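> Fold the following, please.
(one chain, ligands or ions: 2)
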Amino acid sequence: MLLAAAAACRSALRGRLLHTTAAAATSSSGVEGLQRRYSNLDQLEADAKHLLTPQAYGYYASGSDDQWTLRENKEALQRYRLLPRMLVDVSNVDTSTTLLGQHLASPILFAPMAQQRLCHPEGELAMARAAAASGLPYILSTMATSSIQEVSDAVAAPSAAGGAAEGLAWDPNLWFQIYVLKRRDVTEMMVNEVTRLGYKALVVTVDAPRLGNREADERNRYSLPPHLSLKNLELITKAAATTEGVATDGSKFGRHFSDLFDQQLTWDFIPWLKQASPLPVLLKGILSPDDARRAVELGVDGIILSNHGGRQLNFAPAAVDMLPSVVAAVGGRVPLLVDGAITRGTDVIKCLALGASAVLVGRPLLWALTLGGQRGVEEAVEMLRYELELSMALLGVQNVEQISSDFVIPPRGGHLDIPTAQR
Ligand SMILES: Cc1cc2nc3c(=O)[nH]c(=O)nc-3n(C[C@H](O)[C@H](O)[C@H](O)COP(=O)(O)O)c2cc1C
Ligand SMILES: CCCCC(=O)C(=O)O
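Ligands and ions are numbered 1, 2, ... in the order given. All right, here's what the predicted structure looks like:
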């Protein structure tokens with residue numbers, strides 16, 4: 001009885017707030033801003049959770065197994081200290097940077113995340129517009145609920161409905177994340193499509209030959225609601241990879257995707273991809289210095305250190321802890337990006353000080369999209385950018401290039417003891 005009442009109440013609340021969310025996505029005024037309701041990105045999750053179905057929240061929030069790595073991502077960042085320098089003129093602090101020849105308003109990218117329409121009717125379209133309005137790259141997932149073409153159209157020009165909030169520049173910069181499918185021809189079609197449509201980089205995710213064990217999804221029998229579909233699989237080939245049968249009986253979610261992915265994928269994919277497209281290629285999900293070295297030797301243009309938000313191999317280390325040894329292995333030959341639990345301006349600074357060129361932010365953007373649609377995401381990004389700017393001023397640096405290892409103190413006992421063969 002009580003449970004039924006609580007569920008009814010939750011569903012009424014969801015209905016009401018989703019209405020507000022839809023309004024936030026299309027109107028630039030009259031909606032109470034995220035920035036007025038929240039002080040930082042860590043506060044968004046609790047309220048977003050109430051607006052989402054338990055299935056959707058579980059899918060977004062969870063890590064694999066007992067979620068040690070998920071927790072470690074946050075804790076690792078907190079172990080580093082920042083050492084400020086004083087009496088520096090910080091009247092003008094510039095958070096902008098250049099990555100692969102592209103201008104970024106700050107060293108932040110939108111992490112690729114599947115199924116963004118689960119939390120907002122405009123899903124990837126709203127998220128990509130928010131990135132364009134913020135001058136940051138948006139990385140579209142292969143497993144998106146909007147197609148490559150739809151996202152490209154959404155950012156083509158700021159419209160009255162979908163444009164940037166006042167004062168924001170419009171600078172679309174789309175990247176595409178590749179899950180290499182068993183059907184290599186389908187992957188090739190996606191690569192051709194994004195190249196044709198002017199996407200600016202390819203991100204190959206290499207840490208997911210199969211999906212990790214997300215226990216919440218099993219418990220919740222998570223499946224994509226029937227009104228949504230994985231548009232890139234659907235559009236590009238009706239005959240090949242079908243999204244039918246995703247998790248109807250029990251969850252089977254992980255197993256279904258594992259069946260689609262090419263589990264035989266090895267390093268020879270990189271030269272294949274390099275000749276298939278002129279776009280820069282980054283590998284996402286690298287953690288070991290050896291793998292990083294090998295990737296560079298094969299000609300990749302960048303590396304994203306990541307444990308996939310603690311959703312793949314549990315007990316994988318936090319990416320930030322692997323930065324120093326990967327920096328040593330790569331020796332500045334390609335830019336290194338990093339992700340995992342980044343919610344604060346000081347988190348961004350720590351990663352940059354340890355040798356990253358930029359960071360990716362994941363879940364906080366989903367919470368912002370849930371709470372406030374496109375504008376909500378723009379505001380969340382601005383909260384993070386402003387924190388970064390303020391923390392740079394307090395650190396005593398005027399621009400991103402000045403952030404170096406001189407400003408970071410590693411945890412007592414130093415960095416992880418990496419196996420000798422890898423160093
Ligand atoms: C709901 C969800 C879906 C994701 N989908 C993808 C994906 O399709 N491709 C990918 O490479 N990474 C995916 N990731 C991993 C993110 O890109 C990122 O590595 C991770 O979330 C770490 O960032 P965070 O701690 O800020 O969430 C996903 C993460 C989440 C939470
Ligand atoms: C839905 C396909 C997998 C997306 C993903 O990478 C994740 O859930 O972590």
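
> Quick one: low-confidence residue ranges for the protein.
Along the chain, the model assigns pLDDT under 70 to residues 1-32, 159-162, 164, 235-251, 414-415, 423.

> let's see 90
Scanning the chain for pLDDT under 90 picks out the ranges 1-32, 157-169, 183, 233-260, 412-423.

> Next, give phi and psi for the one residue sitting closest to the centre of it.
Nearest to the geometric centre of the chain sits Ala111, at 1.5 Å (Cα atoms, centre = their mean). Main-chain dihedrals, Ala111, degrees, to the nearest 10: phi -60, psi 150.

> How about Leu174?
phi -100, psi 140.

> Leaving out chain neighbours, which residue sits closest to it?
Spatial nearest neighbour of Leu174, chain neighbours left out: Tyr199 (4.6 Å); criterion: Cβ to Cβ, 6 or more residues apart in numbering. For every residue, glycine as well, the C-beta is placed using N, CA and C.

> Same check on Tyr57?
Here the residue nearest Tyr57, using Cβ to Cβ, 6+ apart, is Lys49, at 5.0 Å.

> Just the element for the one you found, please.
Lys49 belongs to helix 44-51 when elements are defined using DSSP states H and E.

> So which other helices or strands are in contact with that helix?
Helices and strands touching helix 44-51, by 3 or more Cβ pairs under 8 Å, 6 or more residues apart in numbering; DSSP states H and E, are helix 2-26, helix 54-61, helix 363-395.

> what about that helix and ligand 1, touching?
No. For a cut-off given as Cβ under 6 Å from any ligand atom, helix 44-51 has no contacts with ligand 1; the smallest distance is 10.5 Å.

> could you give the angle of that helix to helix 363-395?
160 degrees (axes from the mean of the first three to the mean of the last three Cα atoms, to 10 degrees).

> next one: phi and psi at Ser141?
Residue torsions, per degrees, to the nearest 10, at Ser141 are phi -80, psi 140.

> show me where the stretch 201-350 of the chain has helices.
Using DSSP state H, counting those that start in this stretch, the helices of the stretch 201-350 of the chain run over 215-220, 231-236, 253-260, 269-276, 289-297, 319-330, 345-353.

> most tightly surrounded among those helices?
Highest mean neighbour count of those: helix 345-353, a mean of 26 (counted as mean count of other Cβ atoms under 10 Å).

> looking at the helices of the stretch 201-350 of the chain, which is closest to ligand 1?
helix 319-330 (8.5 Å; Cβ to the nearest ligand atom).

> How about that closest one and ligand 1, touching?
No. Shown here: helix 319-330 not in contact with ligand 1 (Cβ under 6 Å from any ligand atom), separated by at least 8.5 Å.

> likewise stretch 217-224?
No. If you take Cβ under 6 Å from any ligand atom as the test, stretch 217-224 misses ligand 1, and the best it gets is 10.4 Å.

> near ligand 2, anything from that stretch?
No. Using Cβ under 6 Å from any ligand atom, stretch 217-224 stays clear of ligand 2, coming no nearer than 8.3 Å.

> Please compute how far that stretch lies from its chain's middle.
22 Å (Cα atoms, centre = their mean, to the nearest Å).

> Can you dump the C-alpha atoms of it in PDB for me?
Taking C-alpha atoms only, stretch 217-224 is exported to PDB below (Å, rounded to 0.1, in the frame of the first residue of the first chain):
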ATOM      1  CA  ASP A 217      20.700  -3.800 -14.900                       C
ATOM      2  CA  GLU A 218      20.300  -7.500 -14.200                       C
ATOM      3  CA  ARG A 219      18.200  -6.700 -11.000                       C
ATOM      4  CA  ASN A 220      16.100  -4.200 -12.800                       C
ATOM      5  CA  ARG A 221      15.800  -6.300 -16.000                       C
ATOM      6  CA  TYR A 222      16.900  -3.100 -17.700                       C
ATOM      7  CA  SER A 223      15.900  -2.700 -21.400                       C
ATOM      8  CA  LEU A 224      15.500   0.200 -23.700                       C
END
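
> which ones are touching Tyr38?
Contacts of Tyr38 were listed using Cβ atoms under 8 Å, 6 or more residues apart in numbering, and they are 44, 383.

> Please apply the same query to the one 3 residues further on.
Neighbouring residues of Leu41 by Cβ under 8 Å, 6+ apart: 343-344, 361, 364, 367-368, 380, 383-384.

> tell me, which of those make contact with ligand 1?
Okay, of the contacts of Leu41 touching ligand 1 (Cβ under 6 Å from any ligand atom), that's Val361.

> Which member of the contacts of Leu41 is positioned nearest ligand 1?
Among these, Val361 lies closest to ligand 1 (Cβ to the nearest ligand atom), at 5.1 Å.

> Distance check, the residue nearest to that closest one when sequence neighbours are not counted against ligand 2.
Leaving aside its chain neighbours, Val361 sits nearest to Ile342 (5.4 Å; criterion: Cβ to Cβ, 6+ apart). To ligand 2, Ile342 is 17 Å away according to Cβ to the nearest ligand atom, to the nearest Å.
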